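Chemist: Would you be able to build a 3D model of this:
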Amino acid sequence: MKIILAIGFYILQPALWVGLIRSYLIYHQRIKRERKLFNSAIYEDFYEGRHFVRGGLILGISVSVLLGWFLTVSVGWLILYQLLVLILLIIVPNLIAAVTAMALASLLILNLPSLAFLDPIEDWLGRLGLMSQVTNPLSYLVLMTVTLLLTGLFIRMNAGKFDSPTIARNTRHTKVAVYRFNELTLIPLLLFVPGDWFSSDLSFIPFFQIAGHRYAILIIPFLLGLKLTVRKSVPRQFFLNLSQTIFYLVILGLGLIVISQFYPQMITPSLAILLGGYYIVIGLAKYRDRQVNFEYSEVMDGIRVIGIQPGTPAAKMDLKIGDVILSVNGVNVANEDEFYRALSTNATYCRFKVRDRNDQLKMTESAIFKNSPHEIGVKTYTQAMK
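Modeler: Here you go, the predicted model:
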């Protein structure tokens, strides 16, 4: 019965279902944008949903097995965290939501332990056997560090693998493609909460719980995600570098955990340091992206590749976003009509002369769908609707 309650607590959380809806809306908006730009979507499949489920299962189960069984949080923190996640998903689903929710809930519960508006919910949870009592505050610093670690892993697993462009304008009012990563998941995280379900005598783990206390086990929806636009960098490399920098912040978090074990007064400043550090990491990543001497802009001497549809001849060629197609089958091209006219010179095969983002020339070729040059799979500005 207690296991059913633990699982039911996760399934019945509004934040979980709002997150699922939010993930679908992200997918729907992307498909709508791609079809508006190119008359057909680049990525038809719901990969945001696939990442939502896969990331949730892999990361949630892994962290619960490794850490969840000795981390304790108060009922007040649990309620406050879920409320903040729900509010952020509905009102401001932006790049800082996951880390911000974790930090704010922890800072508020540590510095304002008695929040009157939480009392009715705590009373209701009390009837399920959950107790309103203070827990070891070091758990919140551990959870903050875990949030950063999981955010870095989520970015490394998913970001920059699906280059879906949005069209913007630069200072010269030239059209430029930018690439936005916008995904989230809510992982099932197992945590201990003060309650009357069982008594713990795990005295060999003194840092996170006190032997002899009684606890309940709950599975909570734990938010991860990021919304960030890449303007000039190679998206996949940009996000790999970002995740690596976040991992350095995790190392800082581990050091702060050790210090805070001996100096508990450092827990609140440490949470603020990690939150501020995350904002700085994101800000520096955006700044470095703006300093790159490149734009995914229109060109006059060829056709800029701004998207490549999977499962097409273009996906089998050595093409990357940002490449400029200079000639097709030996014919120079500078617009859509010339591009498809040159493709039509050979019904089953095409050969491109390409200049990459580093101004290096290369040749690439592939068989194409017979008599179907419009199914080549290259998305360019000449195809984008005005």
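Chemist: what about the helices in the stretch 201-350 of the chain?
Modeler: Taking DSSP state H, counting those that start in this stretch as the criterion, the stretch 201-350 of the chain carries its helices at 235-262, 267-291, 313-316, 336-343.
Chemist: helices or strands next to the second one in the packing?
Modeler: Going back to what we said before, that points to helix 267-291. Contacts of helix 267-291 with other secondary structure elements, assessed using 3 or more CB pairs under 8 Å, 6 or more residues apart in numbering; DSSP states H and E, are made with helix 97-111, helix 138-158, strand 214-230, helix 235-262. Where C-beta positions appear, they are placed from N, C-alpha and C, glycine not excepted.
Chemist: quick check: angle from the first one to helix 138-158?
Modeler: Our comparison of helix 97-111 with helix 138-158, counting by axes from the mean of the first three to the mean of the last three CA atoms, to 10 degrees, yields an angle of 180 degrees.
Chemist: Any buried residues in helix 97-111, and which?
Modeler: Judged by neighbour count using 16 or more other CB atoms under 10 Å, the buried positions of helix 97-111 are 97-110.
Chemist: Also the third one?
Modeler: Applying a neighbour-count criterion of 16+ other CB under 10 Å, one finds 215-226, 228, 230 buried in strand 214-230.
Chemist: Let me know the outermost residue of the chain.
Modeler: What lies farthest from the middle of the chain is residue 345; by CA atoms, centre = their mean that is 43.5 Å.
Chemist: which residues sit in contact with the closest residue to that one other than its chain neighbours?
Modeler: Counting by CB to CB, 6 or more residues apart in numbering, the nearest residue to residue 345 once its immediate chain neighbours are dropped is residue 329, at 5.0 Å. For residue 329, the residues meeting the contact criterion (CB atoms under 8 Å, 6 or more residues apart in numbering) are 342-343, 345-346, 350-351.
Chemist: for residue 90, same thing?
Modeler: Remark: with contacts taken as CB under 8 Å, 6+ apart, residue 90 is in contact with residue 18.
Chemist: who touches stretch 158-171?
Modeler: Under the criterion CB under 8 Å, 6+ apart, residues 30, 33-34, 37, 42-43, 47, 51, 55, 175-181, 183, 226, 228-231, 234-240, 242-243, 295-297, 306-308, 321, 379, 384 lie in contact with stretch 158-171.
Chemist: Straight-line length of that stretch, end to end?
Modeler: The straight-line separation of the ends of stretch 158-171 (CA to CA, to the nearest Å) is 31 Å.
Chemist: Let's have the buried residues of strand 214-230 in TSV, adding distance to residue 367 and pLDDT.
Modeler: TSV is the format used below for those (distance: CB to CB, whole Å; pLDDT from 0 to 100):
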residue	distance to residue 367	pLDDT
215	63	67
216	62	75
217	57	76
218	56	79
219	51	85
220	52	87
221	47	91
222	47	92
223	45	93
224	41	93
225	40	91
226	38	92
228	37	94
230	32	96
